[in-house]
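S.K.: The sequence isn't on hand, but the structure is:
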DNA sequence: TTTGTATTTGATAATTATTACCATGTCAAT
DNA sequence: ATTGACATGGTAATAATTATCAAATACAAA
Ligand SMILES: [Mn+2]
Ligand SMILES: [Mn+2]
Ligand SMILES: [Zn+2]
Ligand SMILES: [Zn+2]
């Protein structure tokens, strides 16, 4: 007879309390690890089930952001989030005066809109310290070519100089063989990143500046 | 010697063209199905790999929203999205004058923020038509108790009446046995959703109104 | 043009995250 | 006490993505 009625079981109660207590945004299995300290025999499936049920009931919030794993939030007050592109950590964010700003899109394309979420992303304090694997790739044919280390060094040196430089000026700043430098300058000139206003003098072009931006 | 340089292979080129051409936001395997028409021998892994590489290179965008599957976007122009909570379809959305509004959070909590995303969610036109499974749950102990169908029907009837109603008035609007009605009214009164200003006359309370809201 | 090699591919295995299943257990209302 | 909806733990299954690897390819340099 009774339908869609939730019972407050011991497990569910502990899960809800834990969610209300914690100030972060745990995934199902992160929460499972915490709950096990109180209920060592609880099943991971129970945690998954209850996080789903509690969020359907509106007692917690589900954050479907930042990639693969769902995260949950015990804080019901309207607020938004930042997350880290590297470690996927999620933090609350304060939007200041915009806090209560409600977007109403001009054209909703027939959707019945029930909510809006504002998300920031970037690097968290910890991940900023990590050595950057510099994963950025480029491609000649797409006009997004990446430059090798030597080329980058040379371009950066030229970018810092107001006047056009000779090979010696560059050699003073970059630890490279003179031959390497002139060879790379030729390449860079061909690519349009460097111009030679006078013979043996080189300066960076606008294209060059954006290539190292 | 060369490092982090992307090659424009035939497969990658076709994938990029397809992404630029299509106006929706395909997942890896949705795109795989489309690409197979051009390259029947391509591997799903190649599609996954290239979507990742192309988005790292900034030639397409990765949408990490709305649950499990990643979606990709060939449109690089700054814009935002709506998605359907039911079928997870994603559409572009026009923010009107807010289009170029850049949020700068007051406190970024030490994050180096590289972007902001504004997402709307709700029900797409198709899913609005689907019969609603009414999955909402409640719980007595949390003050979010759900009501059964009969109780909801009765409450809704009362909500539409200006004056207090008798069983007959309710029976006229709701197809239920008179006994059922009075039984449910008693239950609803006990729960505080219905009041009886005069004997055999019932009206909805404020609590009752919010219970069916 | 030829060559050396970093990069990419297809095929497939492995991993990760989540959901489904099921026998058993609990609770509240008759 | 009986009934039936709701839950649980344990585990299998599914879905989505990533890793591995031998063979093929693209492309900078010679
Ligand atoms: Mn939060
Ligand atoms: Mn889009
Ligand atoms: Zn991080
Ligand atoms: Zn839909």
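M.R.: Received it, and whenever you're ready, just let me know what you need. For clarity, every value in this text was computed on a predicted model and none was experimentally measured. Numbers count the residues shown, from 1 in each chain, chains lettered A, B, ... in the order given. Ligands and ions are numbered 1, 2, ... in the order given.

S.K.: from here on, contacts and neighbour counts on C-alpha atoms
M.R.: Fine.

S.K.: What helices and strands are in contact with the top strand by length along chain A?
M.R.: The single longest strand within chain A, with elements called by DSSP state E, is strand A:112-123. Strand A:112-123 is packed against strand A:80-84, strand B:112-123, with contacts defined by 3 or more C-alpha pairs under 8 Å, 6 or more residues apart in numbering or on different chains; DSSP states H and E.

S.K.: Mean pLDDT and mean neighbour count added to those, as CSV?
M.R.: Formatted as CSV, the entries for the helices and strands packed on strand A:112-123 read as follows, by pLDDT from 0 to 100; neighbours: other C-alpha atoms under 10 Å in any protein chain shown:
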stretch, mean pLDDT, mean neighbour count
strand A:80-84, 88, 22
strand B:112-123, 86, 18
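
S.K.: between these, which gets nearest to residue B:11?
M.R.: Evaluated with C-alpha to C-alpha, these place strand B:112-123 nearest to residue B:11, the distance being 29.7 Å.

S.K.: for the helices and strands packed on strand A:112-123, which one sits closest to residue B:43?
M.R.: For residue B:43, the closest of those is strand A:80-84, at 30.7 Å, according to C-alpha to C-alpha.

S.K.: which residues touch that closest one?
M.R.: Contacts of strand A:80-84 with the rest of the structure, by C-alpha atoms under 8 Å, 6 or more residues apart in numbering or on different chains, involve A:66, A:89-95, A:117-124, A:127, B:108, B:111.

S.K.: 10 Å instead, please
M.R.: The set of residues external to strand A:80-84 that reach it, using C-alpha atoms under 10 Å, 6 or more residues apart in numbering or on different chains, is A:63, A:65-66, A:88-95, A:99, A:116-128, B:105, B:108-109, B:111-116.

S.K.: picking that back up, is chain B contacted by the following helix or strand past the longest strand of chain A?
M.R.: Proceeding C-terminally, strand A:112-123 gives way to helix A:125-129 as the next helix or strand, assigned by DSSP states H and E. Yes: for helix A:125-129, a contact with chain B is found by C-alpha under 10 Å from any C-alpha of the partner chain, at A:125-128.

S.K.: filter those to the buried ones?
M.R.: For the residues of helix A:125-129 next to chain B, burial is judged from neighbour counts taken by 16 or more other C-alpha atoms under 10 Å in any protein chain shown, and it is met by residue A:127.

S.K.: tell me, which of the residues of helix A:125-129 next to chain B make contact with ligand 3?
M.R.: Checked against ligand 3 using C-alpha under 5 Å from the ion, these yield the following neighbours: residue A:127.

S.K.: Go through the residues of helix A:125-129 next to chain B and name the one nearest ligand 3.
M.R.: When these are compared for distance to ligand 3, the smallest value, 4.2 Å, is given by residue A:127; criterion: C-alpha to the ion.

S.K.: in chain A, which spans are strands?
M.R.: Taking DSSP E as the criterion, chain A carries its strands at A:61-63, A:71-73, A:80-84, A:90-93, A:112-123, A:194-195, A:203-204.

S.K.: would you list the helices and strands packed on strand A:112-123 in TSV and tack on distance to ligand 4?
M.R.: Putting these into TSV (distance: least, C-alpha to the ion, whole Å) gives the following:
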stretch	distance to ligand 4
strand A:80-84	24
strand B:112-123	5
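
S.K.: can you list the ones you listed in CSV and add distance to DNA strand C?
M.R.: Compiled in CSV, the helices and strands packed on strand A:112-123 are given as follows (distance: least, C-alpha to the nearest atom of the strand, whole Å):
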stretch, distance to DNA strand C
strand A:80-84, 15
strand B:112-123, 17
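
S.K.: closest one to DNA strand D among those?
M.R.: Nearest of the helices and strands packed on strand A:112-123 to DNA strand D, taken as C-alpha to the nearest atom of the strand: strand A:80-84 at 14.8 Å.

S.K.: between the closest one and strand B:112-123, how big is the angle?
M.R.: Direction vectors for strand A:80-84 and strand B:112-123, defined by axes from the mean of the first three to the mean of the last three C-alpha atoms, to 10 degrees, enclose an angle of 130 degrees.

S.K.: Neighbouring strands - and their directions - for strand A:80-84?
M.R.: strand A:90-93 (antiparallel), strand A:112-123 (parallel) (DSSP bridges).

S.K.: domains in chain A, as residue ranges please.
M.R.: A:2-71, A:77-96+A:109-131, A:149-211 (automatic domain parsing).

S.K.: I'd like to know which of those lies nearest to residue B:197.
M.R.: Go through those one by one with C-alpha to C-alpha and the one that ends up closest to residue B:197 is domain A:2-71, at 28.0 Å.

S.K.: Contact partners for the residue of chain A found nearest ligand 4?
M.R.: Minimum separation of chain A from ligand 4 (C-alpha to the ion) falls at residue A:111, amounting to 8.6 Å. Residue A:111 makes contact with B:82-84, B:91, B:120-128 under the criterion C-alpha under 10 Å, 6+ apart.
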